[in-house]
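*Asks:* predicted structure and sequence below. I'll ask about it afterward.
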Amino acid sequence: MSTGPANAVAEAAPAELPRVRRAEPIDLAAALDSFEELWSPRVAARVNDYDIRIAKVAGEHVWHAHSDTDEFFLVLEGTLYISLRDGLDGGERVVILNRGEIFVVPRNMEHRPASPAGASILLVEPTGTLSVGDRHDLLPDHVDATTGHALD
Ligand code: NI
């Protein structure tokens, strides 16, 4: 059947392009129930070149910064505190996000998420973005340095 590379390309018509996963709805509550690891994001979906990641968090993450990308946070449950070094006076401030609230950490800004009582969050960032940024403080054992794990 094969008649060469040119036809092989032609046969991969746009409507027939294979999908890595079937397009199915994702129940975020069920997805969150499917894992227990803290500070270890799962990739729930991809939108063009971006991951939609979900994570369970408790305690403190690590101070870090993403040199080339903003980072979007949505709190699904609980309260998230994001410490920022925004450079205005060299000082730190804390943004408090409750359920249903969103925040974007600007690219290159040092930040440290934390949640004393625990929270579930949704993140939007470019596929391949490392969870601990391009530069970070010494990594504690409880922080997973990952570009996001697959959902089971
Ligand atoms: Ni970050």
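*Replies:* Perfect, thanks for sending it.

*Asks:* which residues does Arg53 contact?
*Replies:* Residues in contact with Arg53 (CB atoms under 8 Å, 6 or more residues apart in numbering) are Pro41, Arg42, Val43, Ala44, Leu122, Leu123, Val124, Glu125, Gly148. The way it works is simple: take the backbone N, C-alpha and C, and place the C-beta from them, glycine included.

*Asks:* among those residues, which ones are in strands?
*Replies:* Assignment to strands by DSSP state E places the following of the contacts of Arg53 there: Arg42, Val43, Ala44, Leu122, Leu123, Val124, Glu125.

*Asks:* for the second one, which non-adjacent residue is spatially closest?
*Replies:* This means Val43. For Val43, the nearest residue in space outside its immediate sequence neighbours is Gly148; the separation is 4.2 Å by CB to CB, 6 or more residues apart in numbering.

*Asks:* surely Pro116 meets Gly59?
*Replies:* Yes - shown here, Pro116 and Gly59 form a contact pair, counting by CB atoms under 8 Å, at 7.2 Å.

*Asks:* next secondary structure element downstream of the helix or strand bottoming out on mean pLDDT in the chain?
*Replies:* Lowest on mean pLDDT, DSSP states H and E among the helices and strands of the chain sits helix 5-11, with a mean of 50. Downstream of helix 5-11, the next assigned helix or strand under DSSP states H and E is helix 28-33.

*Asks:* where does this protein dip in pLDDT?
*Replies:* Low-confidence regions of the chain, defined by pLDDT under 70, span residues 1-21.

*Asks:* distance to Gly87 and neighbour count for the ones in strands among the contacts of Arg53 - can I get that in a markdown table?
*Replies:* As requested, those are exported to a markdown table (distance: CB to CB, whole Å; neighbours: other CB atoms under 10 Å):
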| residue | distance to Gly87 | neighbour count |
| --- | --- | --- |
| Arg42 | 32 | 21 |
| Val43 | 31 | 17 |
| Ala44 | 32 | 19 |
| Leu122 | 27 | 18 |
| Leu123 | 23 | 21 |
| Val124 | 23 | 18 |
| Glu125 | 21 | 22 |
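
*Asks:* want to throw those into CSV with distance to Asp89?
*Replies:* Putting the ones in strands among the contacts of Arg53 into CSV (distance: CB to CB, whole Å) gives the following:
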residue, distance to Asp89
Arg42, 37
Val43, 37
Ala44, 38
Leu122, 31
Leu123, 28
Val124, 29
Glu125, 28
